[in-house]
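[1] Give me a model of this one.
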Amino acid sequence: MLIVAYLAFLPSADPIGASWDKANHLFAFAVMAWLADLGWPAQRQAPLRWGLLLGYGLLIESVQHFLPLRHFSLLDWIADGVGILIYLGLKASWKHVWCSLAQKR
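    Take a look at the predicted model:
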């Protein structure tokens, strides 16, 4: 989380709406979702875990509003959420493959 905050708060020369920016959000939040799942695996608390992670993304965007060369972007925050959903999709796919392999044994 500290690395993501550091990168989010650095002055950026990238133009607003740069296409790689959204990919960075997707990747960062998919990785943070994976790490959060490893560090806080209680399934009954998953909605809280994903809500806190989305809140973190909103906090980053809110701070960027006050930084020079940065701005608040609702699309960035949506990309954060999509990154979490990508992780959840990959996790479900992995479980499906793993269960299929286990049944064949």
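[2] for the record, mean pLDDT for stretch 81-88?
    What stretch 81-88 shows for mean pLDDT is 97.
[3] can you give me how far that stretch is from the chain middle?
    6 Å (Cα atoms, centre = their mean, to the nearest Å).
[4] Excluding covalently adjacent residues, which one is nearest to the residue most central in space within the chain?
    Closest to where the C-alpha atoms of the chain average out (Cα atoms, centre = their mean) is Phe29, at 1.4 Å. Among residues not flanking Phe29 along the chain, Gly83 sits closest, at 3.1 Å (Cβ to Cβ, 6 or more residues apart in numbering). C-beta coordinates here come from the backbone N, C-alpha and C atoms, glycine included.
[5] about what we covered before: hang on, the residue nearest to the centre of the chain packs against Leu88?
    No. Between Phe29 and Leu88 there is no contact under Cβ atoms under 8 Å: 11.0 Å.
[6] Which stretches in the chain count as helices?
    In the chain, the segments counted as helices under DSSP state H are 2-9, 19-39, 46-64, 74-104.
[7] Output the second one as PDB, nothing but the C-alphas.
    Only the C-alpha atoms of helix 19-39 are listed here, as PDB (Å, rounded to 0.1, in the frame of the first residue of the first chain):
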ATOM      1  CA  SER A  19      -4.000   4.800 -21.400                       C
ATOM      2  CA  TRP A  20      -1.300   3.100 -19.300                       C
ATOM      3  CA  ASP A  21      -2.600   4.900 -16.200                       C
ATOM      4  CA  LYS A  22      -5.700   2.700 -16.100                       C
ATOM      5  CA  ALA A  23      -3.600  -0.400 -16.500                       C
ATOM      6  CA  ASN A  24      -1.500   0.600 -13.600                       C
ATOM      7  CA  HIS A  25      -4.600   1.000 -11.500                       C
ATOM      8  CA  LEU A  26      -5.900  -2.400 -12.600                       C
ATOM      9  CA  PHE A  27      -2.600  -4.100 -11.800                       C
ATOM     10  CA  ALA A  28      -1.900  -2.400  -8.500                       C
ATOM     11  CA  PHE A  29      -5.400  -3.100  -7.100                       C
ATOM     12  CA  ALA A  30      -5.400  -6.700  -8.400                       C
ATOM     13  CA  VAL A  31      -2.100  -7.300  -6.600                       C
ATOM     14  CA  MET A  32      -3.300  -5.500  -3.400                       C
ATOM     15  CA  ALA A  33      -6.500  -7.500  -3.400                       C
ATOM     16  CA  TRP A  34      -4.400 -10.700  -3.700                       C
ATOM     17  CA  LEU A  35      -2.200  -9.600  -0.800                       C
ATOM     18  CA  ALA A  36      -5.200  -8.600   1.300                       C
ATOM     19  CA  ASP A  37      -6.800 -12.000   0.600                       C
ATOM     20  CA  LEU A  38      -3.600 -13.700   1.800                       C
ATOM     21  CA  GLY A  39      -3.200 -11.500   4.900                       C
END
